[in-house]
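Colleague: can you look at this prediction? I've put the sequence above it.
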Amino acid sequence: MSYEIKRIVVTDLMTNCYLIHDSSGNAVVIDPGGDANHILAFLRRQNLKLCQILNTHGHADHIMGNAALREATGAPIAIHPLDAHLLNDPLRNAASLFGWPFQPHKPDHELREGEIVGPAPMSFDVVHTPGHTPGSCSFLDREYGVMFTGDWIFKNGIGRWDIPGGDYDTLMRSVRDKFLPLPGGMKIHPGHGDETTAGAERKRNPFIVPLI
């Protein structure tokens, strides 16, 4: 693989923030929840340039570092248009519920199904995977067999649907249409918990096994 993936666990909800960087010093961050200082410190230590801020969806534990990172680095923020309003609403993105400080902001780019984001070699296909939220997206690198799934697919689980914007039927349709066709060796980096593979989840995940 021509890039490295660093996982940083943030917030009381143990959210996975992923900082991806290559040998040329470029970096992409996926879901910068929590305080941006830990990400900025890593960028400085490694002498990295942050090129893009990617959000899998608009819940506070995945987006709280967006505004500070953009202000410090100039990197644009990208999120699906159906979740874009959550960047500006601490009540609906649940920051207020947890008492977390939140700076409302707007995205610079709206993600679309099938587009490619990130500078090469950190180039990912945008896969719209709604159900946890209407605008939930995953980021897929077919060449290296890597997928960042946010709160769509977890090890032995799937994202919650019993929250505002969630829908079980939509979530399961996303699983059938977008997850089941993945190669078994595809490495899954979820929004919470440990990494897994598509093949392992097809064998063990109690939500996915009945679909096989």
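Modeller: Alright, I've got the coordinates. Numbering: from 1, shown residues only.
Colleague: quick check, central residue of the chain?
Modeller: Centroid check for the chain by Cα atoms, centre = their mean gives Thr56 as the closest residue, at 3.4 Å.
Colleague: longest helix of this protein?
Modeller: If you go by DSSP state H, the chain has its longest helix at helix 37-46.
Colleague: identify the residues contacting that helix?
Modeller: The contact list for helix 37-46 (Cβ atoms under 8 Å, 6 or more residues apart in numbering) reads 6, 8, 10, 17, 19, 21, 25, 27, 29, 32, 48-50, 65, 68-69, 72-73. From N, CA and C alone the C-beta is placed, and that goes for glycine too.
Colleague: hmm, back to that, touching, the residue nearest to the centre of the chain and Leu140? I think so.
Modeller: No: with contacts counted by Cβ atoms under 8 Å, Thr56 stays clear of Leu140, the gap being 11.6 Å.
Colleague: overlap in contacts, those two.
Modeller: Taking Cβ under 8 Å, 6+ apart as the contact criterion, the common neighbours of Thr56 and Leu140 are Phe148.
Colleague: show me the contacts of helix 37-46 that map onto strands.
Modeller: Assigned to strands by DSSP state E, the following of these qualify: Lys6, Ile8, Val10, Cys17, Leu19, His21, Ala27, Val29, Lys49, Leu50.
Colleague: closest one to Pro121 out of the residues you listed, please.
Modeller: Ranked by distance to Pro121 (Cβ to Cβ), the ones in strands among the contacts of helix 37-46 are led by His21 at 10.7 Å.
Colleague: residues in contact with the closest residue to that closest one other than its chain neighbours?
Modeller: Distances taken as Cβ to Cβ, 6 or more residues apart in numbering put Ala27 closest to His21, at 4.0 Å, once the chain neighbours are dropped. Counting by Cβ under 8 Å, 6+ apart, Ala27 touches Leu19, Ile20, His21, Leu43, Gln46, Leu48, Lys49, Leu50, Cys51, Met122.
Colleague: run the last query once more with 10 Å
Modeller: In this structure, Ala27 makes contact with 3-4, 6, 19-21, 39, 42-43, 46, 48-52, 73, 75, 118-119, 122, judged by Cβ atoms under 10 Å, 6 or more residues apart in numbering.
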